[in-house]
Structure formats: C-alpha cells, structure tokens
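Visitor: this one's structure only:
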C-alpha cells in the first residue's frame, strides 16, 4: 500500500482551509446557531445551511438550552449543495482512509480528521481552539442512521478529553440510579431500552451513551432517538404510530425521535448501578443472571472501539473503570416484552 503523504497539507493547514469555506458559505447564506448542554458542557452548533438543520438537531432536541455568551465547543456545519460553496478536492486517496474513517496524514495531537463512510461526511476537530467542522456535499443524502446519532466523531474526541466517553450502549433507569445496556448489534439493547418507555422507568438511550467515572459511574444522554429492525417493530406496537420513516422500512431501520412523543420519559443523567448484557433466549420469561466484569467489558469495549473513530487506550481506561465498579448481569430476554422493564425496575428498587 502506498501512503505517500508528500502532497498532503499539514493537519492544521487543512483544518484552516476547510474552516475558511464555512465563512464563505455564511456570506452566501446565513449563520443560524443552536445551543445544547451535553454532559455539563455548553456546545454551540453554527449552521450555514438550513437544509442540514433538520438532519442534525432532532436527535439533540432534549438537550437544547438558551443562548450562552461563550460555548465550550463551537461546531460549524454546512453542505455544498444548498450553499453553493464547495470544498477543494480531497488530498487523500482511498488507501488513506482507515476502517473507522480516520484519514492518514491529517491527524495530529491537536487536530482530528475523519471521513464517515456511508454518510460521506467530513468531520474535523481542533482541540486547542475547541472548534469542530462538519461538512457534507448534499444534506438530502444524509442517511437516517447519521440523523439518529449525528456528530459522533467530533463529540467522541472532544468529550474524551474531558474524561467523558461515548460508548456503544444504551441506558434506562430511575433518577437515583440506572443500568447500562451493552452488547453487539442485535443482542436486544434497543428492544430492552425502548420497551421501558411503556413502564415506570426513564429512557436515556438505546444505542449511544456517555459515561463518566468521577466520583461515581454515571450515564449521560446525548441522543433522544431509538432504532428498531423493521421486521421487529410489531413487538413494540405502542411505538408504531411514531416511526419517522415508515415509508422506507424496506431499506432502513425504524427510527423514532422520542423527545417529540415522550418528553417526560427522557432522562439526561443518572448514576449507574449495574451493567446488563441483553441476550435473546427464545424462552417465555426474562431473568437476570450474574456474570463477571470480564463479560461486561468484552460486551462493551470491542463494539465501541469498532464503531467510533479515534477511540483507543484512554477510551478503554474509562470503560474499564466504569465496568469494574459495577456488578454485571446477563439480561436473558424472553418473549413476554412486559417482563423486561419490570425485571429492571424491581432490580433497581433493591439497590
């Protein structure tokens, strides 16, 4: 493989070049800003493209705040199609793109650059100036799964510098404590989390959560969305009327924007009391079964590392710290959906 980088700009030079095109887009369009508080930090999204707004903000709506004088992180977003402002041809070739999207030659200890396959989105982050950039060619082609969990690459790197780790895992619970749901795709995390909307429990996430360790393990919400395989939506009939993409279920998973319909059930944070590993049994009844922290870690770390660019040693350290402080259980999932939330609720009441 030829990774010749002689013609590449320096990472900071590339960042500044792309950043200058955002300002050109603002001149042709307008700047529209939205503010969010994520895990205690104020983050401002600055759009130069109204077309992109509807693709990014619905998943974050539950964390929206009033305008603040100084945000901790500013992210600049635009698309070329609606603004007419194109970015230069990329300096990289296909062999410079790594599996998780990192671009060889355009990363340093301060600048992070990645390209999300499928979404065809370019994400850049300047850690020194707390500036992020998100660009796509055409907002109309942003896929549903990017809309369900936008800006993952930028948020994951920036928040990890604050010892806050984005993980591939859901969470449900009560204000005084909840459980982390971990496991690879198809293990039952979404069914478990979404079923709790029809119970006394609160919903924090089904797919991506933020976790912290100090002073105790906590989960923090980042996206108020949920997804379900199209051939499985009948198991949660109370959610069928709110599927946002019901006309495309032949090609996409069912996508729910939950804050629109269950604002009182979305919770922003709670302390963690246990790690649950859902697994589908085919039996009628659901039940908990104690397991080791090793199983908890093996259900959490590989799927997180595989999905999120720039995750490495620091991410593993935070995930290990959290899991090692919590008891771990298999959540053996039976066919009686109502039992799932009851088992978690009763478990939390004893802790």
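Guide: Looks like it arrived, so ask away. Keep in mind that what you see is a predicted model, and the values were worked out from it rather than measured.
Visitor: so in that sheet, which strands flank the biggest strand by length in the chain, and in what orientation?
Guide: Secondary structure of the chain per DSSP state E: the longest strand is strand 269-280. The pairing partners recorded for strand 269-280 under DSSP bridges are strand 177-182 (parallel), strand 218-220 (antiparallel), strand 328-333 (parallel).
Visitor: which parts of it are buried?
Guide: For strand 269-280, the neighbour count (16 or more other CB atoms under 10 Å) marks 269-270, 272-278 as buried. (Each C-beta comes from the backbone N, C-alpha and C, glycine too.)
Visitor: next one: stretch 292-306
Guide: For stretch 292-306, a neighbour-count test (16+ other CB under 10 Å) marks 295-297, 299-301, 303-305 as buried.
Visitor: keep only those of these that are in helices.
Guide: Among those, DSSP state H puts 295-297, 299-301, 303-305 in helices.
Visitor: now render these as CSV, adding pLDDT and distance to residue 24.
Guide: Shown next, in CSV, are those (pLDDT from 0 to 100; distance: CB to CB, whole Å):
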residue, pLDDT, distance to residue 24
295, 97, 52
296, 97, 48
297, 97, 46
299, 96, 46
300, 96, 42
301, 96, 42
303, 92, 39
304, 94, 37
305, 92, 37
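Visitor: isn't residue 321 right up against residue 212?
Guide: No: Residue 321 is beyond contact range of residue 212, at 9.6 Å (criterion: CB atoms under 8 Å).
Visitor: which of the two has more neighbours?
Guide: Legend: neighbour count by other CB atoms under 10 Å for residue 321 and residue 212, higher for residue 212 (22 against 16).
Visitor: measure the more buried one to residue 159 for me?
Guide: Computed as CB to CB, to the nearest Å, the residue 212 to residue 159 distance reads 9 Å.
Visitor: common neighbours of these two, please.
Guide: Both residue 212 and residue 159 are contacted by 39, 165, under the criterion CB atoms under 8 Å, 6 or more residues apart in numbering.
Visitor: follow-up on the earlier one: distance to residue 261 for the buried residues of stretch 292-306 - can I get that in CSV?
Guide: Formatted as CSV, these follow (distance: CB to CB, whole Å):
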residue, distance to residue 261
295, 35
296, 32
297, 35
299, 30
300, 29
301, 33
303, 28
304, 28
305, 33
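Visitor: where does the stretch 51-200 of the chain have low pLDDT?
Guide: Within the stretch 51-200 of the chain, no range satisfies pLDDT under 70.
Visitor: and the strands in it?
Guide: For the stretch 51-200 of the chain, applying DSSP state E, counting those that start in this stretch gives strands covering 64-65, 73-79, 111-116, 121-126, 131-136, 165-174, 177-182.
Visitor: tell me what angle the longest strand of the chain forms with strand 165-174.
Guide: 90 degrees (axes from the mean of the first three to the mean of the last three CA atoms, to 10 degrees).
Visitor: nearest to residue 91 among the ones in helices among the buried residues of stretch 292-306?
Guide: Distance to residue 91 across those (CB to CB) is lowest for residue 305, with 27.1 Å.
Visitor: hey, where'd the helices end up in the stretch 101-250 of the chain?
Guide: 144-148, 152-160, 189-195 (DSSP state H, counting those that start in this stretch).
Visitor: would you reformat those helices as a markdown table and include mean neighbour count and distance to residue 226?
Guide: Formatted as a markdown table, the helices of the stretch 101-250 of the chain follow (neighbours: other CB atoms under 10 Å; distance: least, CB to CB, whole Å):
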| stretch | mean neighbour count | distance to residue 226 |
| --- | --- | --- |
| helix 144-148 | 19 | 8 |
| helix 152-160 | 24 | 16 |
| helix 189-195 | 26 | 5 |
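Visitor: could I get those helices as TSV with distance to residue 134?
Guide: Shown next, in TSV, are the helices of the stretch 101-250 of the chain (distance: least, CB to CB, whole Å):
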stretch	distance to residue 134
helix 144-148	10
helix 152-160	7
helix 189-195	25
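Visitor: closest one to residue 99 among the ones you listed?
Guide: Closest approach to residue 99 among the helices of the stretch 101-250 of the chain is made by helix 152-160 (13.4 Å; CB to CB).
Visitor: of the strands of the stretch 51-200 of the chain, which is nearest residue 254?
Guide: Among those, the nearest to residue 254 by CB to CB is strand 165-174 (15.7 Å).
Visitor: strand partners of that closest one, parallel vs antiparallel please.
Guide: Sheet pairing here is set by DSSP bridges, and for strand 165-174 it gives strand 177-182 (antiparallel), strand 202-205 (antiparallel), strand 208-212 (antiparallel).
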